[in-house]
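Enquirer: Below are the sequence and a predicted model for it; my questions follow.
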Amino acid sequence: MSAIRDLPHDRLRVLAETFAKNWLAHDGLWFQAVERAYGLDKAIALDAEAWRLFSPLEAKRIKDFLGLPENGGLEALREALEYRLYAVLNRQTAELTADGKLRFYMNDCRVQSARKKKGLPDFPCRSVGIVEYSTFAKEIDPRIETRCLACPPEEHPDTFFCGWEFSID
């Protein structure tokens with residue numbers, strides 16, 4: 001562990017990206033193994049269950065790291081989304097709208113872009129994404145409601161792979 005503690009900041013940034021790539025590779029390989037053994041539908045169902053448990057855990061750790069307040073609202077969520085594991089790998093944008101909502105877009109998704117380069121269709125991640133984003137948001141602030149704007153297998157514009165809208169009533 002001391003080797004990591006002694007790394008200069010520029011190397012720590014590279015290491016953070018390497019860790020994120022390793023985590024994403026493990027997630028993908030796990031999914032593929034389950035898909036081979038049990039089929040796509042079962043793999044998606046088990047993936048959703050894993051995200052149901054992981055997303056609030058990730059959100060809590062980010063919330064603690066950033067010192068975000070309880071019930072920090074959409075601004076706290078916007079900030080927390082910037083610190084997710086895949087935030088260093090994917091290109092994403094978030095905007096607070098005039099009507100008091102937060103819109104979050106995954107403009108470039110490493111997984112979907114890799115599939116596109118291989119000539120494969122988008123991975124159908126909507127059902128998992130609903131679990132992932134809603135449980136992450138609720139951990140940041142239990143008042144937050146999540147709505148999917150577009151996510152594969154649905155059609156989406158070329159500017160993003162998935163889009164999510166968060167609100168507090």
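Expert: Nice, thanks for sending it over.

Enquirer: Contact partners for residue 143?
Expert: 71, 73, 168-169 (C-beta atoms under 8 Å, 6 or more residues apart in numbering). Every residue, glycine included, has its C-beta placed from N, CA and C.

Enquirer: give me that answer again for 7 Å
Expert: Listed by C-beta atoms under 7 Å, 6 or more residues apart in numbering, the contact set of residue 143 reads 71, 168.

Enquirer: And the helices in this structure?
Expert: For the chain, the helices defined by DSSP state H cover 2-5, 9-38, 40-66, 73-81, 110-117, 126-140.

Enquirer: Of the ones you listed, which is nearest residue 161?
Expert: Closest approach to residue 161 among the helices of the chain is made by helix 110-117 (4.6 Å; C-beta to C-beta).

Enquirer: same question for the closest one, mean pLDDT?
Expert: Across helix 110-117, pLDDT averages out at 91.

Enquirer: Any buried residues in that helix, and which?
Expert: By 16 or more other C-beta atoms under 10 Å, the buried positions in helix 110-117 come out as 110-112.

Enquirer: average model confidence for stretch 86-102?
Expert: Averaged across stretch 86-102, the pLDDT comes to 95.

Enquirer: Please apply the same query to stretch 24-31.
Expert: 94.

Enquirer: Same check on stretch 63-76?
Expert: Rounded mean pLDDT across stretch 63-76 is 97.

Enquirer: in that stretch, what counts as buried?
Expert: The neighbour-count check on stretch 63-76 (16+ other C-beta under 10 Å) flags 63, 68, 72-74, 76 as buried.
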